[in-house]
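A.B. asks: Test case, fold it:
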Amino acid sequence: QVQLVESGGGLVQAGGSLRLSCAASGRTFTFSRYAMGWFRQAPGKEREFVGVISWSGGSTYYADSVKGRFTISRDNAKKSMYLQMNSLKPEDTAVYYCASSRGSGIATVTADFGSWGQGTQVTVSS
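C.D. replies: Here you go, the predicted model:
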């Protein structure tokens, strides 16, 4: 069983930056074996893919809406993943969730992720 806890959300003006963190814990969960992803959900909308990082950190993949502005990284020694968000826009406002994939490679759909955090709110004002 794995527990994922996001942090770092908040209120920021358009054009600003935020860095989200996701900390993993669980005695039987080997963080370094799994790809990790970020998703977000705005009010009244479905949860959508933001980006994913492979087990080693060597590969990343992003949604077109955030490509070039957001960067995912991970520190396997700390069992943590990060989402650096730059040039934020009001349309980035959402609850952001981290999730652990069921495998080690790139995945982009919610069904490919088995465990989820509780989410952290990001609000971008115009």
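
A.B. asks: all contacts plus neighbour counts: C-alpha atoms, from now on.
C.D. replies: Fine.

A.B. asks: Neighbouring strands of the helix or strand of the chain with the lowest mean pLDDT in the sheet, and parallel or not?
C.D. replies: Counting by mean pLDDT, DSSP states H and E, the chain has its least confident helix or strand at strand 113-116, which shows a mean of 95. For strand 113-116, the paired strands and their directions (DSSP bridges) read strand 94-101 (antiparallel).

A.B. asks: Which residues outside the partner strand are in contact with it?
C.D. replies: 4-6, 22, 34-43, 107, 112-123 (C-alpha atoms under 8 Å, 6 or more residues apart in numbering).

A.B. asks: now stretch 10-17
C.D. replies: Contacts for stretch 10-17 (C-alpha under 8 Å, 6+ apart): 18, 84-90, 121-126.

A.B. asks: Tell me who's in contact with the spatially most central residue of the chain.
C.D. replies: Note on the chain: the residue nearest the mean C-alpha position is Trp38, at 2.3 Å, using C-alpha atoms, centre = their mean. Residues in contact with Trp38 (C-alpha under 8 Å, 6+ apart) are 49-52, 83, 96-99.

A.B. asks: Would you mind naming the residues that bridge with it?
C.D. replies: Beta bridges link Trp38 to Gly51, Cys98, judged by DSSP bridges.

A.B. asks: pretty sure Ser7 contacts Ala24?
C.D. replies: No. With contacts counted by C-alpha atoms under 8 Å, Ser7 stays clear of Ala24, the gap being 11.7 Å.

A.B. asks: Comparing those two, which residue is more hemmed in?
C.D. replies: Higher neighbour count among Ser7 and Ala24: Ala24, with 22 against 18, using other C-alpha atoms under 10 Å.
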